[in-house]
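*Asks:* Sequence and computational prediction follow.
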Amino acid sequence: MKIQENVPLAPLTTFGIGGPARWFVEAADETEVLEAVRWARERSLRLFVLGGGSNLLVADAGFDGLVLRVAIKGIEVVPGVNAWVYSVGAGEEWDGFVQRTVMDCCAGIECLAGIPGTVGGTPVQNVGAYGQEVAESIARVRVLDLETLGFREMEAAECGFTYRQSLFNSSAKGRYLVLRVDYRLRPGGAANLRYADLLRVFPAGSQPNLAEVAAAVRRIRQSKGMLLVEGDADCRSAGSFFKNPIVDESMLDEITARAGARPPIYPAAEGLVKLPAAWLIERAGFEKGFQLGRAGISSRHTLALVNLGGATAGEILALRDFIVERVGAQFRVSLTMEPVLLGF
Ligand code: EPU
């Protein structure tokens, strides 16, 4: 285990923003993870677990604790008749894993192609897109319990998955460190075609295979600047910067009255609907490509804030506050951030 000092974090994030980690270590297996955690404990240092850095905004001053990058690799497969279970190291790159399952003709995560980040981050925020969420396919998560320093496996039902949430980022935030995720997928299963963007590519009756669906998802993501492509300025972001708000019927009526139009809606829990934050932001007067200092709104998707080049975290947060304030004033909806903040 090699502990490094003053390691710049900006290059380890998709935003490309933020100062250094006072201490930094990469852990390639469970023993190294435990060793690193103990090292931080002995020095009373705060600990931050870094995955792919794709949903993260680091403070300009950096972080004065230990950043632990989980680099546990490996994909093991147990094939079965009705299900194949993939045990995947938290440090595996997510999109590479999706590609592998698609080539194996195992359905369940094909619509989650092209999402940047590592496997370990997926249960934390219950990653979802184009009609799928990881919660539907996760069997269990192996974690290190930072309270007891014991290893344990948590079944999916214990993880408390809801929209962009799990117990890992809510009630038990900071308690568990994800080491491995077991995905249960359907061999020979059909692709999930629920989302409007996909139904436009594959009309009713067409039966695309998983690889075709995953490729279509990548193309759609790229058109929105949501695929990491070298040289594409719109993807210097953390993906969606705000969560889509969930509101009840009376709130929906109020928003409709205030906007003079009905927003598109998606089903949520009973009596509630989810609506696009991007739609609200545009109706509050922001256009794609809007700029405030060196922070901006993506020119291809209103929900992504981008680093226009040399932006500070402070500039991103100033733009966030401006948007939140205007959407709040116009619609009485309080937008909440999706990316994780470090060092603030
Ligand atoms: N819209 C706009 N302007 C835009 C883009 C979208 O007004 O520039 C409105 C339109 O009404 C559109 C609706 O928003 O119909 C939905 O847009 P989109 O299909 O692009 O999805 P989203 O709600 O903006 C969510 C996820 C994405 C995920 C897509 C596709 C959240 C916070 N975001 O975005 O996830 O890829 O659906 O499933 O739930 C992420 O979390 O980082 C992320 C990229």
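*Replies:* Sure thing, it's come through.
*Asks:* Longest helix in the chain, by number of residues?
*Replies:* Using DSSP state H, we find that the single longest helix of the chain is helix 313-331.
*Asks:* For the residue of the stretch 51-200 of the chain found nearest the ligand, name its beta-bridge partners.
*Replies:* Ranked by CB to the nearest ligand atom, the top residue of the stretch 51-200 of the chain for proximity to the ligand is Ala129, at 3.4 Å. For the C-beta atoms, the positions are set from N, CA and C on the backbone; glycine is no exception. Beta-bridge partners for Ala129, by DSSP bridges, are Gln132.
*Asks:* And the pLDDT at it?
*Replies:* At Ala129, the model reports a pLDDT of 97.
*Asks:* Might one say that it is in contact with Ile115?
*Replies:* Yes - in terms of CB atoms under 8 Å, Ala129 counts as a neighbour of Ile115; the distance is 6.4 Å.
*Asks:* Please enumerate the shared neighbours of the two.
*Replies:* Arg221 (CB atoms under 8 Å, 6 or more residues apart in numbering).
*Asks:* okay, the two: which has more neighbours?
*Replies:* Ile115 (27 against 20; other CB atoms under 10 Å).
*Asks:* picking that back up, and whatever helix or strand comes next after the longest helix of the chain, which residues are buried?
*Replies:* Using DSSP states H and E, the helix or strand that follows helix 313-331 in sequence is strand 340-342. Neighbour-count burial for strand 340-342 flags Val340, Leu342 (criterion: 16 or more other CB atoms under 10 Å).
*Asks:* Begin at 51 from now on, thanks
*Replies:* Yep, numbering from 51; the last one is strand 390-392 now.
*Asks:* and strand 390-392, anywhere near the ligand?
*Replies:* No - judged by CB under 6 Å from any ligand atom, strand 390-392 and the ligand are separated, with a smallest distance of 11.9 Å.
*Asks:* which helices and strands does that strand pack with?
*Replies:* Here strand 390-392 touches strand 106-108, going by 3 or more CB pairs under 8 Å, 6 or more residues apart in numbering; DSSP states H and E.
*Asks:* who does the strand it packs on pair up with?
*Replies:* Counting by DSSP bridges, strand 106-108 is paired with strand 390-392 (parallel).
*Asks:* Now do the strand it pairs with: everything it contacts.
*Replies:* Residues outside strand 390-392 that contact it (CB under 8 Å, 6+ apart): Leu59, Gly68, Phe98, Asn105, Leu106, Leu107, Val108, Ala109, Phe113, Asn219.
*Asks:* Would you mind naming what in the stretch 51-200 of the chain lies close to the ligand?
*Replies:* Contact residues (CB under 6 Å from any ligand atom) of the stretch 51-200 of the chain with the ligand: Ala179, Tyr180.
*Asks:* Strands along the stretch 51-200 of the chain, start to end?
*Replies:* Listed in chain order, the strands of the stretch 51-200 of the chain (DSSP state E, counting those that start in this stretch) span 54-58, 70-77, 97-100, 106-108, 113-120, 125-128, 134-139, 156-157, 178-179, 182-183, 188-195, 200-205.
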